[in-house]
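Engineer: Structure here, sequence nowhere to be found:
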C-alpha cells in the first residue's frame, strides 16, 4: 500500500553565517533546542459512536505500526463487542492530515487525526455520526473487547462432558457435532436437546459474547438432566449446506439428535425432551408432532405462534419504535415490508429481484438525504434487501403457520416469553400458542417481566442492548425452566446439585 511519509519534526534553523568583523561573543545567538520527540502512537484505540435514539456503540481498534509516524501504520483490526464483531481487518489509508480506517463490507470508515489527543470522524455509506476516540492501554483495550460474561460456565464440572458427532439419515451430507453433558448419579438419565434460533449458530448459541445454551446446559445438568447441544449444519464443526435449508430441514437435524440419544445407555429413551429458542421454538414442536411417541415434553423459549410474515412486520415496528422512530416512519416501513413479502412469494425461487426492484425503488426515492446516505447507492440497497429475501429459508419462514402443528401436541408443553421481547412479542405470540394448544391440558404459559428475547434483564428490549448486558440468562428464568423440566422427568423430589 502506498504511504506518504509525514515529517516528525520541523528542520532545525541554520546557524547564522560569520560577519566580516570579529564577532562579539556576548551576543552570539544560542543554538535552538532540539524539537521534543513525538509521543509514540497508541497501540490501541477505544471509542464510541453516537447512534440515533440516544444510544452509543463502543468500538476498539488495534494498531500495528512500524514507526512512530501515523503513516507507518501497517495494519488495524476492529472490535465492536455489542455486535459480535471481533478482529475484523480494516483497510488503512493515509493523506497529509489523517489516517482512514475502512470496513468496505459495511461501507464504514473512521477518519482519525493523530495528535496530542486522537480525533475521530465516523461515517457509514455517507451517513455521518458523532464519534469520540482515545488511546488506551492494554488492560483497557482487553476489558472493552472482552465484555464481562460472569455466567459462562468454566470447568471443572461436577458432570461428564463428552464431544460427540452424529449423522442425519435424511441428509447424507450432514454430520452434526455437539456436546453431551451427563449428570452424576445412577443412569439412565432424562435428557433435553437444545435447538438454536435462526441464522448460523454454534452449540452454545453464541451471540455478542454470550453463550446462553452453555449456561442453560450447565444449569440443567447440575440438576440431574442430561443435555445435548450441537452446532447448526454447515457451521462450527458440523457439516452440510445451510444456505439451501429451511426450518423443515433443521427439524430433521433435531430428530437426528434424538435418534442419537436413543442409542446411548446413559439416557432414558422415555424421557427425551426438546428445548428450542426462537426458531428452535418452531423446530421443537415440528419434531414432537412428527414423532409424538418419542418426545416426552417440549419447551418453547420465545417460540412463535403466527406466520413469519406477521412476525417480521410486527418485530420491525417494535424495534424501530425502541430506536426512536415516529409512527409515520414505522407505518411506511411496515407497508413496504408487506409489499416486498408478497412480491417474493408471487415470484419463482431465485427470481424475486426483478419483482422487488420497483418496490425498493419507490422506497428508496422516499428516503431523505441522510437516510439515503445511510443505505448507500440504490443498487447496494437493492442487493442488501433482495438477496436475503429470495432464499429457501425465508420463503418457508414467511408462509409457515405453526398453529396446526402446535395443535397436534399432546405431551406437556412449556411456552416462555420475556415481556420485553421485541423480536417475538409475547402479546402477539402467546395468545396464538394458547389458542392452538387449547385442547392440551398440560400446557404451561409463562411471561417473565423485564426480560428480552435472550431472557436477559433489559431496559427497552432492543437488540442493541444485548451486548451491553452482563447477564446471559436471568437466573429466575433458568429456575422456572429447570423446575418444570424436573417435574416432567420425575426428578422433582431429587435434590439438585449445587451450582448456578
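Structural biologist: Nice, I can see it. Just so it is clear, the model here is predicted, and its values are computed rather than measured. Numbering: from 1, shown residues only.

Engineer: Residue 224 reaches residue 192, doesn't it?
Structural biologist: No: taking C-beta atoms under 8 Å as the definition, residue 224 is not a contact partner of residue 192, at 11.4 Å. Using the backbone N, CA and C atoms, a C-beta is placed for each residue, glycine as well.

Engineer: In terms of neighbours, single out the busier of those two.
Structural biologist: residue 192 (29 against 21; other C-beta atoms under 10 Å).

Engineer: a strand runs through that one, doesn't it?
Structural biologist: Yes: using DSSP: H, G, I helix; E, B strand; the rest coil, the secondary structure at residue 192 is a strand.

Engineer: Could you pull up the residues touching it?
Structural biologist: If you count contacts by C-beta atoms under 8 Å, 6 or more residues apart in numbering, residue 192 has them with 220, 225-228, 272-275, 299, 485.

Engineer: Pull the most distant pair out of those.
Structural biologist: Farthest-apart pair in the contacts of residue 192 is 226 and 299; separation 14.9 Å (C-beta to C-beta).

Engineer: State the distance from residue 318 to residue 307.
Structural biologist: 17 Å (C-beta to C-beta, to the nearest Å).

Engineer: higher neighbour count, those two?
Structural biologist: Higher neighbour count among residue 318 and residue 307: residue 318, with 20 against 17, using other C-beta under 10 Å.

Engineer: Help me confirm that the more buried one comes into contact with residue 424.
Structural biologist: No: at 10.0 Å, residue 318 does not count as touching residue 424 under the criterion of C-beta under 8 Å.

Engineer: Based on its surroundings, how many neighbours for the closest residue to residue 175 other than its chain neighbours?
Structural biologist: Nearest non-adjacent residue to residue 175, counting by C-beta to C-beta, 6 or more residues apart in numbering: residue 239, 4.8 Å away. Residue 239 has 18 neighbouring residues, counting by other C-beta under 10 Å.

Engineer: Which stretches in the stretch 251-400 of the chain count as strands?
Structural biologist: 267-277, 297-301 (DSSP state E, counting those that start in this stretch).

Engineer: Please identify the deepest-packed of those strands.
Structural biologist: strand 297-301 (a mean of 27; mean count of other C-beta atoms under 10 Å).

Engineer: Show me what that one is packed against.
Structural biologist: strand 267-277, helix 280-290, strand 413-418, helix 475-488 (3 or more C-beta pairs under 8 Å, 6 or more residues apart in numbering; DSSP states H and E).

Engineer: first to last residue in stretch 267-286, what's the distance?
Structural biologist: In stretch 267-286, first residue to last residue: 22 Å (C-alpha to C-alpha, to the nearest Å).

Engineer: brain fart, stretch 282-301
Structural biologist: For stretch 282-301, the first-to-last residue distance is 10 Å (C-alpha to C-alpha).

Engineer: hmm, back to that, okay, the contacts of residue 192 in TSV with distance to residue 187 next?
Structural biologist: Formatted as TSV, the contacts of residue 192 follow (distance: C-beta to C-beta, whole Å):
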residue	distance to residue 187
220	16
225	12
226	9
227	15
228	15
272	14
273	17
274	21
275	21
299	22
485	17
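
Engineer: Of those residues, just say which sits nearest to residue 471.
Structural biologist: For those, the nearest to residue 471 is residue 220 (17.8 Å; C-beta to C-beta).
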